[in-house]
Every structure is written in C-alpha cells, then in structure tokens.
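Trainee: got a predicted model here, sequence first, then my questions.
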Amino acid sequence: MPASKFPSPPDLVPVRRALISVSDKTGLIETARALGDLGVELVSTGGTRAAIAEAGLAVKDVAELTGFPEMMDGRVKTLHPVVHGGLLGVRDAPEHAAAMAEHAIGEIDLLYVNLYPFEATVARGADFAECVENIDIGGPAMIRSAAKNHGYVAVCTAPEDMAEVLAALRAGGVTLALRRRLAARAYARTAAYDAAISTWFAGQVGEEWPQRRTISGQLKQTMRYGENPHQAAALYVFPSPRPGVANAGQLQGKELSYNNINDTDAAVELVAEFDPAASAACAIIKHANPCGVALGPDLKTAYERALQCDPVSAFGGIIALNRRLDSATAEEIVKILTEVVIAPGADEDAIKLFRRRKNLRLLLLGGLPDPTGEGLTFKSVAGGFLVQTRDRSRLTPADLKVVTQRQPTETEVRDMLFAFTVAKHVKSNAIVFAKGGQTAGIGAGQMNRRDSARIAAIRAAEAAELAGLPQSLAKGSACASEAFFPFADGLIQASEAGATAVIQPGGSIRDAEVIAAADERGVAMAFTGVRVFRH
C-alpha cells in the first residue's frame, strides 16, 4: 500500500493492552506487575499466562480473544486475525477501524515476545526433531506484525527493551522515536533467528555452501575508534561463540580497543595449539603476529623463553597463556609494558599483583578454543564477503615426507613441527626458526620468502645479542616455511642463519633445486603437503 494512504502516526500513543508470550521468563513477574500497576490489561499464552496468574496478577488467556483454544501441542495459538489484526490495525485509518469494529478486534498496544530457544537447543547438541520443535512460528509472526505497525505498537524482544518501555510509560508515554528503535531491534532479532535456523538446516541437509548465508551477531561493545582514530568500530558476538577474546571475562583495565581485540584473538588461537596438559605455553603477539612463542615446564619459564625471542617487539604487546596465570609468572609480566594478558584462569595472588597496573587488561577465558574444532572464518571484500572453513590442520611426525639425503633427528622433528605450528599463525610470507620448543626468529608478512628468512635471521641474531649469548638463536634450529620455497634462495638464507632442518609444504616446480641446495648444505628437509597461508 502507498504510504500516503495513512495519516502520520502520533508521537505518543496510549498503552491499554499488552500481549506477553515469553520463552525466557527472567523478570517476567516484575514486568507484568509493573504493567498492571500502570493500568495495562495483560493478555498471555500457555506457560507465560500460567506464571503470571500464579503470581496473583490479572491476566487474560489469548484464547479469550480469539475464541479458539491453543491446539496442536501449542503450535497454533496466536496465528489468528484477532491477534494480528490487533497488532496491525492502523488506528487512525477509517477502513482499519471499521474492520476492527466489525470483527471485534481489540487493539494490542504493546507486544513482549522472546522466542523459543532454538540457538540454545542447537548449542547443547539436541537431535534434529527437538531442534525443529524449537523453531518458533507464532512469535516471529507477531514480532513482525507489531514492528511493521510501530506507528501505534511498541514491540519488545528482550528485558532491556521492556525496561525502556516501562521507563517511558512512567515518564508520560512511548514516543514514536522509541517505537521505531524497538521495531529496528525486533527485525534484527527475527533476522538473527532465521539466520540461525537456515545455517543449521543447511548443515543438516549437507549443504556446505548454501545459496544464501546470513551472518548474525549481537552488539557487545562500541569502541572509541577502529584501527585508526578516524574509523568507527564495534564488537559483535555470535549466539554460541567459540571460546576466545569475544566472550572472555575482563577483570581489570580500560576497555579493549579494536586492535587489542584483533591481536588478542590471534594470540589465543595460537597458544591454544599447545596442550596445557603436555606443557605450559606462552605466545606474545604484536600487530596480530607472534614475536615470541615458547613452551616450558611452567608458565614463568614459557613466558621468559617467549620474551627472549624478541624483547624489543614484545614491549606493549599481547600475552596469551595456555594455563592458569600464577603469581610467579605475573611478577615477570609486570616488568615490561603489556597491553593485554589472556589466560584460562588466574590465581588470586596474580590478580592482586596485576591490580597495581591499572591500564593492564586481564582477560580470563574459562577454557581454550579447540584448534581442531569446526567453524568458519569471514573476511569482507568490496561487494561481499569471503567465507572459508577454519584451518584445522595439525601435523604429526608420520605426516612428514623427508626428501633430503640426511634424515632429521627426533629433536629436529620436534622443532620442525613446533616451528610449522607457529608459522600457521604468522602473516604470509612467513618464516619461523625454532629450537627446543622456543621460537628463535620470526619473519612475517613480506612480499618474498627470502626477505622473510632474512628478517627472521636478524631477529634471531639480535635476540642472542640482547641475551648475551655467543651465537644466534637460529644456530641449530629448525626452519618452517608456511608455503613452498619457490626458489632455493630462501632455504640458503635459512641455512646461513644456522638452521639444520627445514619443514615446508613442497609442491614448487623448483622443488628439485631446493632439495639439491639442502643436500649440498647437509640440511634435513621434510615436506608436509599442507600449506598454511595466513593473509
């Protein structure tokens, strides 16, 4: 219908009748009581009506309006012209008013609905039939009707919405501006709900790449700015988020920035690669790249070894730990400027120690993300977005194909696998030197692999010099390249830096040339057959 058919809605409209139907009944009785105190007639359904009545409050069953009982196991109760007419009727339109009078349709001025817990049902691993039963039909239909007619109806889908409406009613009425904001939120909620259902359903029928994919998130925080001060930014979280920075608890420190969150996410995903039951691990991140990663018998040792790799870059960095933070480790961390520390948990003594550094953010995860867990990653491009499955690759010694005359030792194999695991989290082109469960030098994000190797060698030499060691940390190390060496120059650079073993995917048309260069220098080299680019 053309918009000009209807008069402009008033700024304030009376709220005489409210329809409430909620799955999550948190705060329901307080809300119902507050509406009753304001003289609002309550209409409700099923369990919601029963809960309100049990609290001794006056409430009318929706069946009294429709003249039809709730039926089909509750699937049909609000899908009725009396309900939707009461929500959709334009009060100031004579034709609508006449139809409402003719069919005894009363106005519904306020709708409060939250939906069947479909997302939570899926998250707890319910079977197909139970998930389908938790797809709400009547709720989204009513929400859409009320939101469309926001000129006369206030629609709420969360306790926070109801709190705003109650405050507005006590102050004199729900303004048109507020009703419009509520309608926008309502459509966002039904869109998110439908997105969750469609994504789940596609997975159930084996459609890895459905024709339409909708990404939905809930606003967690706005930020002062994005990557740069002239960019706006915010953080949205998924309904069932992967454990990580987005849902970690912040114990102290100022609000996280866009760059803090981006870097901390990189740190968590890297440190989670290392099983805390096997060894303590620490990853120090700067600009989403690791500048030091190390294992140790305890967190303090792991942190000290990670810091040794590049203490210059570590200043003002992000620290991720795979075990509960203890006071001994905390005492070492506070010796230099650190932006964020994130760990599965923290001892009270460590927390007290950090409180002396009011600008240091301490985040607790409660658990680590599963590096082999399924999931998708997203990247925006002009006009759309790229989607890919999460890199779940994980190598064992059995996955390596030794291509050189010299076989790597068991120690070299361990170093190779450690280095390759770290390289998986370094921006391409990536070269990582590692020895004894400690990165020795990291070269990241260069346009050619030889330059990445040069930078990694420089880092290893400088770290040794700062530590007062007689030779580069790269001496006797394993070198990992996250993609194949297109020429022998990168391998030669790694060998000259002191690497005795190399791990790389292989697959270059010049593999034979690279293998010959390794054999000439007595370097052991293994192919993985797996590339781990990170752009």
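Mentor: Yes, it's here.

Trainee: tell me where the stretch 351-500 of the chain has strands.
Mentor: Counting by DSSP state E, counting those that start in this stretch, the segments of the stretch 351-500 of the chain that form strands are 361-364, 376-381, 384-389, 401-402, 431-434, 439-443, 478-481.

Trainee: can I get these in JSON lines with mean neighbour count and mean pLDDT?
Mentor: All C-beta atoms are positioned from the backbone trio N, CA, C, and that covers glycine. Below are the strands of the stretch 351-500 of the chain laid out as JSON lines (neighbours: other CB atoms under 10 Å; pLDDT from 0 to 100):
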{"stretch": "strand 361-364", "mean neighbour count": "22", "mean pLDDT": "96"}
{"stretch": "strand 376-381", "mean neighbour count": "9", "mean pLDDT": "92"}
{"stretch": "strand 384-389", "mean neighbour count": "10", "mean pLDDT": "92"}
{"stretch": "strand 401-402", "mean neighbour count": "12", "mean pLDDT": "97"}
{"stretch": "strand 431-434", "mean neighbour count": "32", "mean pLDDT": "98"}
{"stretch": "strand 439-443", "mean neighbour count": "31", "mean pLDDT": "96"}
{"stretch": "strand 478-481", "mean neighbour count": "32", "mean pLDDT": "97"}
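
Trainee: now for these, which one comes closest to residue 63?
Mentor: Closest to residue 63 of those, according to CB to CB: strand 376-381, at 43.6 Å.

Trainee: can you give the contact residues for the closest one?
Mentor: Applying CB atoms under 8 Å, 6 or more residues apart in numbering, the external contacts of strand 376-381 come out as 215, 385-390.

Trainee: so what strands line up beside that strand?
Mentor: strand 384-389 (antiparallel) (DSSP bridges).

Trainee: C-alpha coordinates for the partner strand, PDB please?
Mentor: Listed next in PDB are the C-alpha coordinates belonging to strand 384-389 (Å, rounded to 0.1, in the frame of the first residue of the first chain):
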ATOM      1  CA  GLY A 384      30.500  -9.200  -0.400                       C
ATOM      2  CA  PHE A 385      32.400 -11.400   1.900                       C
ATOM      3  CA  LEU A 386      34.700 -14.400   1.700                       C
ATOM      4  CA  VAL A 387      34.000 -17.500   3.800                       C
ATOM      5  CA  GLN A 388      36.300 -20.400   4.500                       C
ATOM      6  CA  THR A 389      36.500 -23.300   6.900                       C
END
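
Trainee: ok, residues contacting it?
Mentor: If you take CB under 8 Å, 6+ apart as the criterion, strand 384-389 is touched by 209, 213, 215, 374-380.

Trainee: out of those residues, which comes closest to residue 287?
Mentor: Distances from residue 287 to those, taken by CB to CB, are shortest for residue 379, at 17.3 Å.

Trainee: now do that closest one against residue 291, distance only.
Mentor: As judged by CB to CB, to the nearest Å, residue 379 and residue 291 stand 24 Å apart.

Trainee: give the buried residues for stretch 51-66.
Mentor: Neighbour-count burial for stretch 51-66, counted by 16 or more other CB atoms under 10 Å, picks out 51-53, 57, 59-63, 65-66.

Trainee: what's the answer for stretch 513-525, then?
Mentor: 514-515, 517-518, 521, 523-525.

Trainee: what does stretch 83-103 give?
Mentor: Buried residues in stretch 83-103, counted by 16+ other CB under 10 Å: 83-91, 96, 100.

Trainee: and for stretch 269-279?
Mentor: Buried residues in stretch 269-279, defined by neighbour count with 16+ other CB under 10 Å: 269-274, 276, 279.

Trainee: could you list which of those residues belong to helices?
Mentor: Residues of the buried residues of stretch 269-279 located in helices (DSSP state H): 269-271.

Trainee: tell me the one among the residues you listed nearest to residue 398.
Mentor: Closest to residue 398, out of all of these and judged by CB to CB, is residue 270, at 23.5 Å.

Trainee: contact partners for residue 303?
Mentor: Counted by CB under 8 Å, 6+ apart, residue 303 has contacts 282, 294, 296, 319, 321, 329, 332-333.

Trainee: with respect to residue 430, which of those residues is nearest?
Mentor: For the contacts of residue 303, the residue nearest residue 430 by CB to CB is residue 294; the value is 17.5 Å.

Trainee: looking at this, the closest one is in a strand?
Mentor: Yes. Under DSSP: H, G, I helix; E, B strand; the rest coil, residue 294 sits within a strand.

Trainee: that one touches residue 305, doesn't it?
Mentor: Yes. Residue 294 lies in contact with residue 305 (CB atoms under 8 Å); the separation is 3.5 Å.

Trainee: so which residues of the stretch 101-250 of the chain form helices?
Mentor: 118-123, 128-133, 138-148, 159-171, 176-204 (DSSP state H, counting those that start in this stretch).

Trainee: who wins for proximity to residue 359 among those?
Mentor: helix 159-171 (30.2 Å).

Trainee: render the CA-only coordinates of that closest one in CSV, please.
Mentor: What follows is helix 159-171, C-alpha atoms only, in CSV (Å, rounded to 0.1, in the frame of the first residue of the first chain):
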residue,chain,number,x,y,z
PRO,A,159,14.1,-7.5,29.0
GLU,A,160,16.2,-4.5,28.1
ASP,A,161,13.5,-3.3,25.7
MET,A,162,10.8,-3.7,28.3
ALA,A,163,12.8,-1.7,30.8
GLU,A,164,13.0,1.2,28.3
VAL,A,165,9.2,1.0,27.7
LEU,A,166,8.3,0.9,31.3
ALA,A,167,10.5,3.9,32.0
ALA,A,168,8.9,5.7,29.1
LEU,A,169,5.4,4.9,30.3
ARG,A,170,6.2,6.2,33.7
ALA,A,171,7.6,9.4,32.1
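
Trainee: got the buried residues for that helix?
Mentor: 159, 161-162, 164-166, 168-169.

Trainee: which ones are touching the residue lying closest to residue 459 once chain neighbours are set aside?
Mentor: Excluding its sequence neighbours, the residue lying closest to residue 459 (CB to CB, 6 or more residues apart in numbering) is residue 441, at 3.9 Å. Neighbouring residues of residue 441 by CB under 8 Å, 6+ apart: 309, 431-433, 455-461, 463, 472-474, 477, 497.
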